[in-house]
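1. Take this sequence and fold it.
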Amino acid sequence: MLDGILCAYITDSAIPDFPSTMKRRFTTNSRVVNELFTRYLNTFFAFAELINNSIQATARNIWIEITYNDDMADVPISAISIKDDGHGVHVRDIDRRLFNIGTANKQQGKGVGRFAAMQIGKHVEIRSVAYDPTRKETTSLKIHLGADSFTPAKNIDEVEFDTEELTLPSKEATYYHVLIGKIYNSYEVKEVPRRRIIDKFLPDNIALSIFERYPLEIFNKKVNFHVNGKLLDRSQFVVGKPDLAVIKFENKRGESFDIAVTAFKLKSSLDRRKVFITNNNAGVQSIVSGFEFDATWMSPKIGDWFIYVDSHELPTDMFTNLDLELDENVRHFKLFIKDYLTKFFRKKGKEYEDFASRLKKDKFYPYDNDSDEKGLSSKMLVFDRFAYLLEDRYHFIKQQDKVRSVVYPLIDRAISNGDIVDVVQNVLKLENDLVGRFKTLMSKTSAGELIRFNERVVKKLEDIAFLEKLIYGDISKSVKERKELHKFLERMTWVFGEQYADNTTLLSDKNLENNLSNLRDELLKCEPKKKDDNLIENIRGASKSITDLFMYSERIVSADQREVMVVELKAPRVRLSIKELAQVKNYAWEIEQRGIFPKNLKYTIILIGSDIHPKALFEINASKKPDSVDVFFRNETRNIEIKVIRWSDLFETLKLKLGYLSTRLKVEEISISGKIEEDFADMDTERLRSTLKKVAV
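-> Model prediction:
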């Protein structure tokens, strides 16, 4: 019974005990289970199809309840309930409305999409009360569907199951109710990726995700969405009324179509313009494709927008092939939409364009408009946008304030040094008393020294916050980045000691590089097992897919001395045990014994993991060297050292070293994606933006 989700919020009091059990089968054109139960792009598409069914059934209210698991669970949710007050399904219409899969019965909802729930969970219960005006009869029904009843290659018309059906003695309020339980776990999702519960279901995302799908229904109050007991209202999401337009689109054959465009300005501040191509799906505007619009000239005050482009008048092959860039008609349509949005947002940003024009004529503008300096146009673009934000608050140009003779060059320098966002954001929110304190401080030191000193400290604090969030944060939100941890650490080698701050990741001796890697593959790779006391069993979900990582770097100590640092990063599910200690000591021993490793080098081997077994910790503490407490092992010739570190201990040590300053400097909440874009821009992190970029919906 849906793993105990039949709690108060999903109880249907109108249904008494069911005295009549019927045997029913699907009627179908022999479509197989795999085709039917995983036909949607993702689980939120399947979820939206169930909501579409409710809207098509003339529902005025839709109640959605999602039961969330704790952060350590394998899947984020345990159950979903969707109930509407539409006309429901009468027992006499079960075969025609519910089980005839061979037809797309969409006139009153439900169609083939009624089984979208099976893409989300293995147990589905359908309950309904419906009234037949012809017979003046009210009936109730209950149906249980379980994935266990189906096999992957089985024809669905071969499956027989029970329905509980009853004629009620009096007229009752009609409804249709779908309950989904036994959500697919990580192993089942690995077999069929489309079963994965995507981020749109998460508590912080679900409300906006539903508005994204049904903006007109919510804005015009055609349908009331109740999500976990809260009514979604347009005031939560939008500013003012939507912009409405009907534009003429002419295809390459000269045929003309009316395209309706609806644009909502959002209350959020993510600086994104999402564009959705929609199509009429039996009376519901459904999203078929999504894009993100951006432009270099975009005003910084434009804000967030959802733009909906209704394509229902277009030929079917047009909106179903929007991902095919080779299709000439598709390219033509996208260019048309792009041109329209360019005009739309230029009009919205006219104030900014007028300011930028005046700014370039200002005598304190730091750039020569006629210069052909490489990269100058990009700097001017950034400068103009931030100068606009400053003007909006301080009115430098409007009031002919000469302070811009100082502020503008500072912004220019910040752009050149890559610090513009922090500089301007803090200028915009600087309190008056802090301005006075800043002037006093400037009388005791130079601004350059202050900036350079604080920049180094803040950068280190930010590095620590970034790593700590990547290691101990919600891995499901950054699993891709976590798998690239070694690449980030190659740029942050100072965390293992200030002496490694200037390490180079490229070994000067390629043979040595290959030998270290091959020896690692030979000695350090192994799967953790419970019997070896090195398996952390409560690691679930995305964390399981992260493997051990390996990196090395080189430090020039002097003209004739080099140090090679080798770092073995164990996966989150690995607990450092006696076995790992033995492996890393064997690795060191082989470096010393094999003739392929130069003897004139110093080798520092660092083994690092999320946790250390008590037995291993006992051996580590017993082996620490008096002259270097973080060294676990050192060979007799003192050219090979092993350090064993727990991530939490490393972070604590680093924070203590920076403690004096970290108590005085507040580092803003670090964003993993933002940090990557800022400090690792040359890595392949998909940060490039196009004018109209395809995005997931």
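
2. To what extent is the closest residue to Asn511 other than its chain neighbours buried, counted in neighbours?
-> Distances taken as C-beta to C-beta, 6 or more residues apart in numbering place Ile596 nearest to Asn511, at 7.4 Å, with adjacent residues excluded. (Glycine included, C-beta is placed from N, CA and C.) Using other C-beta atoms under 10 Å, the number of residues around Ile596 comes to 13.

3. One more: the one 3 residues further on?
-> Around Lys599 there are 9 other residues, counting by other C-beta under 10 Å.

4. what's near enough to touch it?
-> Neighbouring residues of Lys599 by C-beta atoms under 8 Å, 6 or more residues apart in numbering: Thr637, Asn639.

5. Would you agree the residue nearest to Asn511 falls within a strand?
-> No: remark: Ile596 does not belong to a strand; assigned using DSSP: H, G, I helix; E, B strand; the rest coil, it is coil.

6. Quick check: it touching Leu516?
-> No: with contact defined as C-beta atoms under 8 Å, Ile596 does not count as touching Leu516 (9.8 Å).

7. returning to what we had before: and the residue nearest to Asn511, how far from Gly609?
-> Distance, Ile596 to Gly609, by C-beta to C-beta, to the nearest Å: 28 Å.

8. Could you do Glu125 as well?
-> 44 Å.

9. what do you get for Val584?
-> 11 Å.

10. Not counting its neighbours along the chain, what's nearest Lys525?
-> Closest residue to Lys525 apart from its sequence neighbours, by C-beta to C-beta, 6+ apart: Asp548 at 6.8 Å.

11. Quick one: residues contacting the one you found.
-> Leu524, Lys525, Glu568, Leu569, Lys570, Ala571, Val574.

12. Next, count neighbours for Lys530.
-> Neighbouring residues of Lys530 were enumerated by other C-beta under 10 Å; the total is 8.

13. now swap in Arg393 and tell me
-> By other C-beta under 10 Å, 10 other residues sit near Arg393.

14. Can you tell me how far it is from Lys348?
-> Distance of Arg393 to Lys348, given as C-beta to C-beta: 20 Å.

15. Where do the domain boundaries of the chain fall?
-> Domain ranges of the chain: 2-219, 238-346+689-695, 352-430, 470-666, per automatic domain parsing.

16. Name whatever forms a beta bridge with the residue nearest to Leu179 when sequence neighbours are not counted.
-> The shortest distance from Leu179 to any non-neighbouring residue, by C-beta to C-beta, 6+ apart, is to Glu125 (4.4 Å). Assessed by DSSP bridges, Glu125 has beta-bridge partners His144, Leu179.

17. wait, Glu125 sits on His144?
-> Yes: if you go by C-beta under 8 Å, Glu125 and His144 touch, sitting 5.5 Å apart.

18. Looking at those two, which has the bigger crowd around it?
-> The neighbour comparison of Glu125 against His144 (other C-beta under 10 Å) goes to Glu125, with 21 against 16.

19. any idea how far Lys142 is from the more buried one?
-> Distance, Glu125 to Lys142, using C-beta to C-beta: 7 Å.

20. Please apply the same query to Met551.
-> From Met551 to Lys142 the distance is 58 Å (C-beta to C-beta).

21. Do you have the strands of the stretch 1-150 of the chain handy? List them.
-> Here the stretch 1-150 of the chain has its strands, by DSSP state E, counting those that start in this stretch, at 20-25, 61-68, 77-84, 121-132, 137-146.

22. What of the stretch 201-350 of the chain?
-> Per DSSP E, counting those that start in this stretch, the stretch 201-350 of the chain carries strands over the ranges 224-227, 230-231, 243-250, 256-265, 273-281, 284-293, 305-310.

23. could I get those as JSON lines with mean pLDDT, mean neighbour count and distance to Glu165?
-> JSON lines is the format used below for the strands of the stretch 201-350 of the chain (pLDDT from 0 to 100; neighbours: other C-beta atoms under 10 Å; distance: least, C-beta to C-beta, whole Å):
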{"stretch": "strand 224-227", "mean pLDDT": "97", "mean neighbour count": "17", "distance to Glu165": "28"}
{"stretch": "strand 230-231", "mean pLDDT": "96", "mean neighbour count": "12", "distance to Glu165": "33"}
{"stretch": "strand 243-250", "mean pLDDT": "93", "mean neighbour count": "12", "distance to Glu165": "46"}
{"stretch": "strand 256-265", "mean pLDDT": "93", "mean neighbour count": "17", "distance to Glu165": "43"}
{"stretch": "strand 273-281", "mean pLDDT": "88", "mean neighbour count": "21", "distance to Glu165": "30"}
{"stretch": "strand 284-293", "mean pLDDT": "86", "mean neighbour count": "19", "distance to Glu165": "29"}
{"stretch": "strand 305-310", "mean pLDDT": "94", "mean neighbour count": "22", "distance to Glu165": "40"}
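
24. Of the ones you listed, give the one that comes closest to Asp532.
-> strand 224-227 (46.1 Å; C-beta to C-beta).

25. show me the contacts for the closest residue to Arg135 other than its chain neighbours.
-> Ranked by C-beta to C-beta, 6+ apart and with sequence neighbours excluded, the top spatial neighbour of Arg135 is Arg92, at 7.8 Å. With contacts defined as C-beta under 8 Å, 6+ apart, the neighbours of Arg92 are Asp132, Arg135, Thr139.

26. thinking again about what came up before, will you turn the strands of the stretch 201-350 of the chain into JSON lines that also has distance to Ile415?
-> Shown next, in JSON lines, are the strands of the stretch 201-350 of the chain (distance: least, C-beta to C-beta, whole Å):
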{"stretch": "strand 224-227", "distance to Ile415": "43"}
{"stretch": "strand 230-231", "distance to Ile415": "44"}
{"stretch": "strand 243-250", "distance to Ile415": "33"}
{"stretch": "strand 256-265", "distance to Ile415": "29"}
{"stretch": "strand 273-281", "distance to Ile415": "24"}
{"stretch": "strand 284-293", "distance to Ile415": "25"}
{"stretch": "strand 305-310", "distance to Ile415": "27"}
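
27. Which of those strands sits closest to Phe44?
-> Comparing those by C-beta to C-beta, strand 284-293 comes nearest, at 10.2 Å.

28. Give the other helices and strands that that closest one contacts.
-> Packing partners of strand 284-293 (3 or more C-beta pairs under 8 Å, 6 or more residues apart in numbering; DSSP states H and E): helix 43-56, helix 206-213, strand 273-281, strand 305-310, helix 316-320, helix 328-348, strand 692-695.

29. Out of those, which gets the lowest mean score?
-> Confidence, taken as mean pLDDT, is least for helix 316-320 of the helices and strands packed on strand 284-293 (a mean of 66).

30. quick one: contacts for Ile143?
-> Ile143 neighbours (C-beta under 8 Å, 6+ apart): Leu98, Glu125, Ile126, Arg127, Phe161, Thr163, Glu164.

31. Tell me how many other residues crowd Asp532.
-> 15.

32. most distant residue from the middle of this protein?
-> Arg135 (51.7 Å; C-alpha atoms, centre = their mean).

33. helices and strands of this protein: which one has the lowest mean pLDDT?
-> The weakest-scoring helix or strand in the chain, judged by mean pLDDT, DSSP states H and E, is helix 659-662 (a mean of 46).

34. list the contacts for the residue lying closest to Val238 once chain neighbours are set aside?
-> Closest residue in space to Val238, ignoring its immediate chain neighbours: Phe264 at 4.9 Å, by C-beta to C-beta, 6+ apart. For Phe264, the contact set (C-beta under 8 Å, 6+ apart) comprises Pro215, Phe219, Phe237, Val238, Pro242, Trp305, Phe306, Ile307, Tyr308.
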